[in-house]
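**Q** Sharing a sequence plus its predicted fold:
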Amino acid sequence: MMRNAIAPRKFIRGTLFYLMLIVIILCTILPFAWMVSSSFKGSEAIRTIPIRWIPERPTLEGYERVFNMQGFSFARSSLNSLILAIACTIVAVGSATMAAFVFSKLPFKGSGKIFGLYLATMMIPGTVTMVPNYIILRTLGLLDTYTGLILPSLANAFGVFLMRQSMMSVNDAYMESAYLDGASLYRIFFQIMLPMVMPTLSTMILLSFMGSWNSYLWPLIVLTSTDKQTLQVVLGNMNGMYKNNEHVLMAGAVLTILPILVVYLVTQRYVDQGISLGGLK
Amino acid sequence: MYIPNTAGKRRATAVFLLPSMIGVVVFCLLPILASAVFSVMDYDLLMPMNTMKYVGFNNFARILTGSEFPKVLGHTFTYLILYLPLILITSVGQALILNKSFKGHGLFRTICYTPVITSWVAAAVVWQWVLSGKYGLLNQMLSTFGITGPAWLNSKEWAMPGIVLAAVWKDTGYYALMVLAALKSIDPSCYEAADIDGANGLRKLTRITLPLISPTLFLLIVINIIYGLQVFDSVLIMTNGGPGGATTVFLERIYKYAFKQYKMGLASAYSWILFALILIFTAIQFRLQRKWVNYDA
C-alpha cells in the first residue's frame, strides 16, 4: 500500500529529472550540431526554412574553401597554433614548476616576501599589463616574433602558486635521503619531485595547452604577418571576410574545435581535476 | 627540507628561480609601473618615445567626463545583470543533475564540458550564425512556437542579450563543476533530518542545499563580476562593439584605443579605471556576503 502512495510522486520526479536532462543536453549540443550540419551544406542550402539537419546534398565545398583561402593558409596557421601552444606550455609550466620547487623546498631569506609579491601580482588583471607588455616587446624588437609571443608566459604567478601547494605536501625525507646519497638538487627535482607531483603537473600542462591554443587577444596583437598568425586569429579574420558564407565559417569552426576536442576526450581525467585545483579558465 | 647551505645549493636555487623571476619582473611588475606612467602621459605609438608628454590626470578626466564612459559602463552592467542570474541558475541546475547517479553520467558530463574547451573565437563564430536573424537556429526554433525572434546581434536592444546567451552556453559547464564539488561536500546527514520532518524536494533545495553551498555561489559571483567586467573575445567577434556602438565594453575600448588609434596613454588610463572598478566591486561583494553567505558548515 505504501508503495502505491509513493509511486506517482516518484514517477513525476523521475520524469522531471529526465526532462531537465534532455533540455540541458539539447541546449548544449544543438549549436554544435548546427555548426556541423551547416559546414556540409552548399552556399544555397545553408539558407533554408525550415531547418534541415541532414543536408540534402552534402558537400565539402566549405572545407575546400577553408583550405584554399587567398592570402593566408589555414593549414599553416594550425601548425603555428600547435607549435606556439606547445612552446608556451613548456615555458609557462617549466618556469612555474622550477620556481615552486624553490618556494616550497629551498626557502632562503626573503623568499617568503618574494612569494608574497607573486601573489600580489595575481590581483592585477592582464588588461593593465597588456599595453605596456606590447611596448616592451616593441622596445626589445620582438613584435611579430614567436619569441615575443611566448616570453610573457614566463610570468606565471598562478602556476607557481598551484605547484607550490602541491609540492608542500611532498615529504622532505625522500629528498633529504637522496641528497645524502649524493644526488644533486637538479636530479632531486627531476627524479623525485616531478614524479611526486605528476597529477598536478599533468593537469597544469593540459590546461595551459588548451589556454594557449584557445587564446585570441595576445596573438592578435603581437603577430601581424599572415604566415605567423594562429588558428584563432585566422578564424577571427575569416569572420569578417565570409559574412555571407556561413558554411565556410562553420567548416573553419569545426576544424578549430576538433583538435582540442580530441585532446580533451583523451585526457579528460586530468582536465576535470583542474577544476578542483582552483579555477583555471 | 634541510639541505646544507653550499655554493651548489645557492647556484641551483638561482637556476630554478631566475626564469620565473625574470618573467614576473619584466612582464608583470615593470608593465604595472610602466602602465601607471603611461596613464598620465600623452603617448602616440606611431611617434618616437621621446615625444611622450606629461599631461597629469587629463587622460582620466577625458575618459570619466566623456559621453562614452557612461555607455560603456551601462553595457557592461547590462551584460552582468543578464549574465549573473542566468549562469547561477544554469550551473546550479546542471550541478544538481550531475550530483545524481544515472546511466550515461560520464557522457553527460563530457557533453556539458565541451563548450568550455571550445575557444571563444569558434564559439562566437558559431553563435553568430545561431543568432542570425532570419535563418539562424534560435529564431527558427522560436518560430515553431509562433514567436518571431528579434534580429539579435543586428539590433541595438538585443545584441547584448545575444552575447549573454552565448556566454551562458559556453560557461555553464565550467561553473557547474565548481558547484558540483560543493554539493559533494555536503554531509548527507543534513538531509536525513529533513526527510524525517517530511520536507519536500524544493524545501530541501532552498533551506539546506543552497545555504550550504553559498560560499561557492559567492565565489562564483565574485569571479564572474571580475571576468564580466573584462568581457572581450565574444564582443569583438560577435558585434565588434556594434551595432552603432550598442555593445562597447571596457576591454574592447582599451583594445581599440591602444591598437587601432595608438593612444597608449589613454588606453593605460582606461585599464586603471577598469582595475579600480574591479577592486570596488570585489570589495562591495565581500561586504554584502555577511548578509547571505553561510560559513558554518
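**A** Happy to help now that I have it. Residues are numbered from 1 along each chain as shown, chains lettered A, B, ... in the order given.
**Q** C-alpha from now on. contacts and neighbour counts both.
**A** Noted.
**Q** Residue 146: how many residues sit nearby?
**A** Defaulting to chain A. Neighbour count of residue A:146, defined by other CA atoms under 10 Å in any protein chain shown: 19.
**Q** that's the wrong chain, I wanted chain B
**A** So residue B:146, with other CA under 10 Å, has 9 neighbours.
**Q** Helix, strand, or coil at it?
**A** coil (DSSP: H, G, I helix; E, B strand; the rest coil).
**Q** how about residue A:119, what does it touch?
**A** A:157, A:158, A:161 (CA atoms under 8 Å, 6 or more residues apart in numbering or on different chains).
**Q** how close does the residue sitting nearest the centre point of chain B get to residue B:167?
**A** Centroid-nearest residue in chain B, with CA atoms, centre = their mean: residue B:227, separated by 2.3 Å. Distance, residue B:227 to residue B:167, using CA to CA, to the nearest Å: 11 Å.
**Q** OK, contacts around the closest residue to residue B:165 other than its chain neighbours?
**A** Excluding its sequence neighbours, the residue lying closest to residue B:165 (CA to CA, 6 or more residues apart in numbering or on different chains) is residue B:83, at 7.9 Å. Applying CA under 8 Å, 6+ apart, we find residue B:83 in contact with B:164, B:165, B:167, B:168.
**Q** Include neighbour count, pLDDT and secondary structure when you put those residues into JSON lines, please.
**A** Below are the contacts of residue B:83 laid out as JSON lines (neighbours: other CA atoms under 10 Å in any protein chain shown; pLDDT from 0 to 100; DSSP: H, G, I helix; E, B strand; the rest coil):
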{"residue": "B:164", "neighbour count": "23", "pLDDT": "96", "secondary structure": "helix"}
{"residue": "B:165", "neighbour count": "16", "pLDDT": "96", "secondary structure": "helix"}
{"residue": "B:167", "neighbour count": "24", "pLDDT": "96", "secondary structure": "helix"}
{"residue": "B:168", "neighbour count": "19", "pLDDT": "96", "secondary structure": "helix"}
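**Q** Can you add distance to residue B:120 and give the residues you listed back as JSON lines?
**A** Output for the contacts of residue B:83, formatted as JSON lines (distance: CA to CA, whole Å):
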{"residue": "B:164", "distance to residue B:120": "13"}
{"residue": "B:165", "distance to residue B:120": "13"}
{"residue": "B:167", "distance to residue B:120": "9"}
{"residue": "B:168", "distance to residue B:120": "12"}
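**Q** What residues sit buried inside stretch B:92-111?
**A** B:92, B:93, B:94, B:95, B:96, B:97, B:98, B:99, B:108, B:109, B:111 (16 or more other CA atoms under 10 Å in any protein chain shown).
**Q** how close does the fifth one get to residue B:181?
**A** What that stands for is residue B:96. Applying CA to CA to residue B:96 and residue B:181 gives a distance of 11 Å.
**Q** And for residue B:51?
**A** 54 Å.
**Q** These two: who's more crowded?
**A** The residue with more neighbours, out of residue B:51 and residue B:181, is residue B:181; 17 against 11, by other CA under 10 Å.
**Q** if I pick residue 182, what's in contact with it?
**A** Went with chain A since none was named. With CA under 8 Å, 6+ apart, residue A:182 has no contacts at all.
**Q** My question was about chain B, not that one.
**A** Contacts of residue B:182 by CA under 8 Å, 6+ apart are B:213, B:216.
**Q** Now residue A:45, what are its backbone angles?
**A** phi -70, psi -20 (degrees, to the nearest 10).
**Q** buried set for the longest helix anywhere in chain B?
**A** Longest helix of chain B, by residue count under DSSP state H: helix B:68-98. By 16+ other CA under 10 Å, the buried positions in helix B:68-98 come out as B:69, B:71-77, B:79-80, B:83-84, B:86-88, B:90-98.
**Q** Mind listing residues that contact the following helix or strand past that helix?
**A** Downstream of helix B:68-98, the first helix or strand assigned by DSSP states H and E is helix B:105-117. For helix B:105-117, the external contacting residues (CA under 8 Å, 6+ apart) are A:25, A:28-29, A:210, A:260-261, A:264-265, B:98, B:123, B:169-174.
**Q** Emit the PyMOL select command for whichever of those are buried.
**A** In PyMOL syntax, the buried subset of the contacts of helix B:105-117 is picked out as below (16+ other CA under 10 Å):
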select buried, (chain A and resi 25+28+29+210+260+261+264) or (chain B and resi 98+123+169+170+171+172+173+174)
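**Q** quick one on the thing from earlier: let me see the mean pLDDT of the longest helix of chain B.
**A** Per-region confidence: helix B:68-98 scores 94 on mean pLDDT.
**Q** now that helix and helix B:105-117, what's the angle there?
**A** 170 degrees (axes from the mean of the first three to the mean of the last three CA atoms, to 10 degrees).
**Q** Quick check: buried residues in the longest helix seen in chain A?
**A** Looking across chain A with DSSP H, the single longest helix is helix A:2-39. Residues of helix A:2-39 classed as buried by neighbour count (16+ other CA under 10 Å): A:21, A:24-25, A:28-29, A:31-32, A:34-39.
**Q** And for stretch B:19-27?
**A** Here stretch B:19-27 shows B:19, B:20, B:21, B:22, B:23, B:24, B:26, B:27 as buried, counting by 16+ other CA under 10 Å.
**Q** you'd agree the fifth one is up against residue A:150?
**A** In this case it means residue B:23. No. In this structure residue B:23 lies outside contact range of residue A:150 using CA atoms under 8 Å: 10.7 Å.
**Q** neighbours around residue A:122, how many?
**A** 14.
**Q** dump the residue contacts of residue 42.
**A** Since no chain was named, I'll use chain A. So residue A:42 contacts A:57, A:58, A:59, A:61, A:62, A:247 (CA under 8 Å, 6+ apart).
**Q** The chain in question should be chain B.
**A** B:52, B:53, B:54, B:55, B:59, B:263, B:264, B:265, B:266.
**Q** how close does residue A:262 sit to residue B:117?
**A** Distance from residue A:262 to residue B:117, by CA to CA: 11 Å.
**Q** neighbour-wise, which of these two wins?
**A** residue B:117 (23 against 11).
**Q** confidence score at that one?
**A** 91.
**Q** what's the offset of stretch B:147-166 from the middle of its chain?
**A** 20 Å (CA atoms, centre = their mean, to the nearest Å).
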